[in-house]
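*Asks:* generate coordinates for the sequence data below:
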Amino acid sequence: MCNKKECGQAKEKLYERFEFRYIRPEEADQAARIEQVCFPPNEACTEKMMKDRAAAVPELFLVAVDRQNGQLGGFLCGLATDESRFRDEFFYDNTLYRPQGKNVILLGLDVLPEYRGQGLARELMHVYLQREKERGRKMAVLTCLEDKIPMYEKMGFTNHGLSQSTWGGVPWYEMSCALDI
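*Replies:* As a prediction, the model looks like this:
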């Protein structure tokens, strides 16, 4: 852990290096490629799913753009809903999107290997959740593999145990974070 001054300087450097904003239509290909790098084939969303999601819900698709080369270093995407439990249909059925939904289902936090270890995932989550809180959302829900639970707990999520999700044929854990506090 860093002290307050060190953490502030690290965050400042992150913002010098990256621009945090919503995805643009022409960046959907990059997001699809990043997904293929970050997840094994059985867990990754398809290129079509990623492009459809970016087109359908760009305001829920936050990217971190490397200011030096204009490329995406990572992203976080989700889908607003009134549902409070994760189900696999959220990955591929954009008709489940409810613009005024009280919750947001987080579908993917992806950071390319060369950008890991710099706090990028943590900052993507922080910015994303703050924006969703400002929109009046009450809760964020995600699923993750068991080894990622400590990372998400540090980001403020609570583990609820095994999820009903069977995506990719592996066991997922459901986690949530209250946004209305």
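*Asks:* nearest to the spatial middle of the protein, which residue is it?
*Replies:* residue 76 (2.7 Å; Cα atoms, centre = their mean).
*Asks:* ok so that residue is a helix residue?
*Replies:* No. Under DSSP: H, G, I helix; E, B strand; the rest coil, residue 76 sits outside any helix and is assigned strand.
*Asks:* which secondary structure element of the protein has the lowest mean pLDDT?
*Replies:* Ranking every helix and strand in the chain by mean pLDDT, DSSP states H and E puts helix 4-17 at the bottom, with a mean of 80.
*Asks:* so in terms of bridging, what pairs with the residue nearest to the centre of the chain?
*Replies:* Beta bridges link residue 76 to residue 62, residue 109, judged by DSSP bridges.
*Asks:* so it sits against residue 124, correct?
*Replies:* Yes. At 4.5 Å, residue 76 counts as touching residue 124 under the criterion of Cβ atoms under 8 Å. Bear in mind the C-beta positions are built from the backbone N, C-alpha and C, glycine included.
*Asks:* any common contacting residues for these two?
*Replies:* Taking Cβ atoms under 8 Å, 6 or more residues apart in numbering as the contact rule, residue 76 and residue 124 both touch 62, 109.
*Asks:* counting contacts, what elements does the next helix or strand after the least confident helix or strand of the chain pack onto?
*Replies:* On the C-terminal side of helix 4-17, the closest following helix or strand by DSSP states H and E is strand 18-22. Secondary-structure packing of strand 18-22 (3 or more Cβ pairs under 8 Å, 6 or more residues apart in numbering; DSSP states H and E): strand 61-66, helix 120-134.
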